[in-house]
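>>> Make a model of this:
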Amino acid sequence: MPDSFIENYKAQHRHPLNRLSHSIGIPLIVFSVPLFFFNWRLALALFIAGWILQIVGHAIEGNQPAFFTNPLYLLIGPLWLLRRAGSALGIVKTSGRPR
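This is a model prediction of the structure:
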């Protein structure tokens, strides 16, 4: 993915509570998708909880989700989270810019 998508995504997720809500909500959403094949009720609960966290985070940040402008950001969100986790673990080298 071009870095401009990641940079734009980072620019829309600067507030620490928004980043925290996304750090919990994105994995809930991602894990719920394959779980639908095994336990649809649990998957639906995780999916809804994940999206509630996303909405709350954006209310705190004071902006709309990035995927409202481009659906590709539905894939950028998990990538952004993986890069943040990799950076925190020292696996991924980041530029000098803030995460």
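
>>> which residues sit against the lengthiest helix in the chain?
The longest helix of the chain (DSSP state H) is helix 40-61. For helix 40-61, the external contacting residues (Cβ atoms under 8 Å, 6 or more residues apart in numbering) are 12-15, 17-22, 24-29, 31-33, 35-36, 64-65. (C-beta placed from N, C-alpha, C; glycine too.)

>>> can you tell me how far the most centrally placed residue in the chain sits from residue 88?
With distances taken as Cα atoms, centre = their mean, residue 77 lies nearest the centre of the chain, 3.8 Å away. Look at residue 77 and residue 88: by Cβ to Cβ, to the nearest Å, they are 17 Å apart.

>>> So the residue sitting furthest away from the middle of the chain, which state does it fall into?
Going by Cα atoms, centre = their mean, the residue of the chain most distant from its centre is residue 38, 23.8 Å out. Three-state assignment for residue 38 (DSSP: H, G, I helix; E, B strand; the rest coil): coil.

>>> Dihedrals phi and psi, residue 20?
phi -60, psi -50 (degrees, to the nearest 10).

>>> Off-centre distance for the longest helix of the chain?
Relative to its parent chain, helix 40-61 has a centroid offset of 11 Å by Cα atoms, centre = their mean, to the nearest Å.

>>> And stretch 81-94, by the same measure?
Distance, centroid of stretch 81-94 to centroid of chain: 14 Å (Cα atoms, centre = their mean).

>>> avg pLDDT for that stretch?
For stretch 81-94, mean pLDDT is 86.

>>> and if you look at stretch 31-48?
pLDDT averaged over stretch 31-48 gives 97.

>>> Would you mind listing the buried residues in that stretch?
32, 35, 43, 46, 47 (16 or more other Cβ atoms under 10 Å).

>>> Now the second one: closest residue in space, sequence neighbours ignored.
Spelled out, that is residue 35. residue 43 (3.9 Å; Cβ to Cβ, 6 or more residues apart in numbering).
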